[in-house]
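Engineer: this one's sequence-less:
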Ligand SMILES: Cc1cc2nc3c(=O)[nH]c(=O)nc-3n(C[C@H](O)[C@H](O)[C@H](O)COP(=O)(O)OP(=O)(O)OC[C@H]3O[C@@H](n4cnc5c(N)ncnc54)[C@H](O)[C@@H]3O)c2cc1C
């Protein structure tokens, strides 16, 4: 049995950045991933990374995570900005939030907005809020870069190694063909944390597990460079490659377990999104559905992340419940958790998102709380 100072369970955004920051602090780190790095939700995300969020703490996390991507994996980042289309009365709240967080933005009047997105039907009460410093992350390229960075820092990466269970008392992780003992372990298994911890008799993580889905369309004509979010119907879209568009919305399909995730987008989602697009596109005949995919996400009862010590287990830590915002929240939260483990001092995010707030919570959340939007 090999001993490591810190074992990270899961090689998504959270696991890779946790291992990265821990190794930078001088920990001897192993990262264990059941598939390949990024094979969970992270590699299936749309890669949208905006500061146009509702909670001030989320805006700060998003700003910090953007900086981390720029520093650690700059090749995977494109600064394209982000455009939110919203009713003019809402934009005054959005502006206040962005001012408070010191985010650069520009308001597009109804006429300017209609001119920017000529391919879309704009309501006469809508304006645009454009944040020019926002980015998109190329998630497939990102994980190749992170694999290199981790190896450069001496992190032992176990890809295609499934953790079967965890003995919190003995501080041992059982893999299919091996065992690892640890001083500290971080659970970064995303939507899979819940089953692993329950099976190991450690804690019932209070998350709801759901499938998140996107569709891809081939577009005749130019595809707009800037990711767009339509507040009215919660549809987001971003250019993907030369002539494709990725489209999704807040549709969350509740699952009993991540293994129940449908392999392809479900009919109800395709129909709902199709209807919303028809309503907004001036020339829907130029858009041909070419595919799509699904991935699993997890959400907590209050929609906020879960970050910190697993209740009653001083050597076990968790980051979970990142919802559909893990690309934006993950890197900064990983950095904060490692700061906490190495110094014992809890940064504000760890205080705010402590798992201890759910020690008396039984069962699972009823629904996913949407924190991207006011409506
Ligand atoms: C379709 C879709 C679109 C999205 N779009 C966006 C977006 O545009 N912007 C955004 O910010 N967020 C987006 N998200 C959400 C984002 O992808 C997640 O919040 C984020 O990836 C969560 O990261 P994670 O590291 O916690 O989990 P994951 O990436 O799921 O990583 C967990 C890893 O743990 C591994 N694992 C699980 N069990 C074990 C075990 N027993 N042993 C070893 N390894 C194990 C899994 O294989 C997995 O790789 C989207 C999600 C989906 C599905």
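Structural biologist: Thanks, I have the structure now. All values derive from a computational prediction rather than experimental measurement. Numbers count the residues shown, from 1 in each chain.
Engineer: please make it C-alpha for all contacts and neighbour counts, starting now.
Structural biologist: Will do.
Engineer: name the element residue 129 belongs to?
Structural biologist: Here residue 129 sits within strand 126-131, counting by DSSP states H and E.
Engineer: chain center to that strand: distance?
Structural biologist: Strand 126-131 sits 23 Å away from the centroid of its parent chain (CA atoms, centre = their mean, to the nearest Å).
Engineer: anything in the helix or strand that that strand is followed by near the ligand?
Structural biologist: Next helix or strand after strand 126-131 toward the C-terminus (DSSP H and E): strand 135-137. No: using CA under 6 Å from any ligand atom, strand 135-137 stays clear of the ligand, coming no nearer than 8.1 Å.
Engineer: tell me which residues of strand 135-137 are tucked away?
Structural biologist: Neighbour counts over strand 135-137 (16 or more other CA atoms under 10 Å) mark 135-137 as buried.
Engineer: direction included, what does it pair against?
Structural biologist: Note on strand 135-137: by DSSP bridges, its sheet partners are strand 48-49 (antiparallel), strand 77-79 (antiparallel).
Engineer: nearest to the ligand, out of those strands?
Structural biologist: Among those, strand 48-49 comes nearest to the ligand, with 3.6 Å by CA to the nearest ligand atom.
Engineer: tell me the secondary structure at residue 17.
Structural biologist: Under the three-state scheme (DSSP: H, G, I helix; E, B strand; the rest coil), residue 17 adopts helix.
Engineer: ah, wrong one, I meant residue 331
Structural biologist: In three-state terms, and counting by three-state DSSP, residue 331 is helix.
Engineer: that older thread, closest one to residue 23 out of the buried residues of strand 135-137, please.
Structural biologist: Of all those, residue 23 sits closest to residue 137, with 23.1 Å by CA to CA.
Engineer: doesn't residue 49 make contact with that closest one?
Structural biologist: Yes: contact criterion CA atoms under 8 Å: residue 137 and residue 49 qualify, at 7.1 Å.
Engineer: pick the most deeply packed of the strands paired with strand 135-137.
Structural biologist: Of all these, strand 48-49 has the most neighbours on average by mean count of other CA atoms under 10 Å, namely a mean of 24.
Engineer: one step back: for residue 254, which of the strands paired with strand 135-137 is the nearest?
Structural biologist: Closest of the strands paired with strand 135-137 to residue 254 is strand 48-49, at 22.5 Å (criterion: CA to CA).
Engineer: kindly state the pLDDT recorded for residue 192?
Structural biologist: Note on residue 192: pLDDT of 98.
Engineer: my reading is that it is in a helix; is that accurate?
Structural biologist: Yes: assessed by three-state DSSP, residue 192 belongs to a helix.
Engineer: check contacts around it.
Structural biologist: 257-258 (CA atoms under 8 Å, 6 or more residues apart in numbering).
Engineer: distance of it relative to residue 99?
Structural biologist: The spacing between residue 192 and residue 99, counted by CA to CA, to the nearest Å, is 37 Å.
Engineer: hang on, the earlier thing: possible to save the buried residues of strand 135-137 as CSV with pLDDT and distance to residue 353?
Structural biologist: Converted to CSV, the buried residues of strand 135-137 look like this (pLDDT from 0 to 100; distance: CA to CA, whole Å):
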residue, pLDDT, distance to residue 353
135, 98, 25
136, 97, 26
137, 97, 25
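Engineer: surely residue 231 is in contact with residue 86?
Structural biologist: Yes: counting by CA under 8 Å, residue 86 is a contact partner of residue 231 at 5.2 Å.
Engineer: counting neighbours, go ahead and name the busier of those two.
Structural biologist: Neighbour tally, residue 231 and residue 86, criterion other CA atoms under 10 Å: the higher count belongs to residue 86, 23 against 18.
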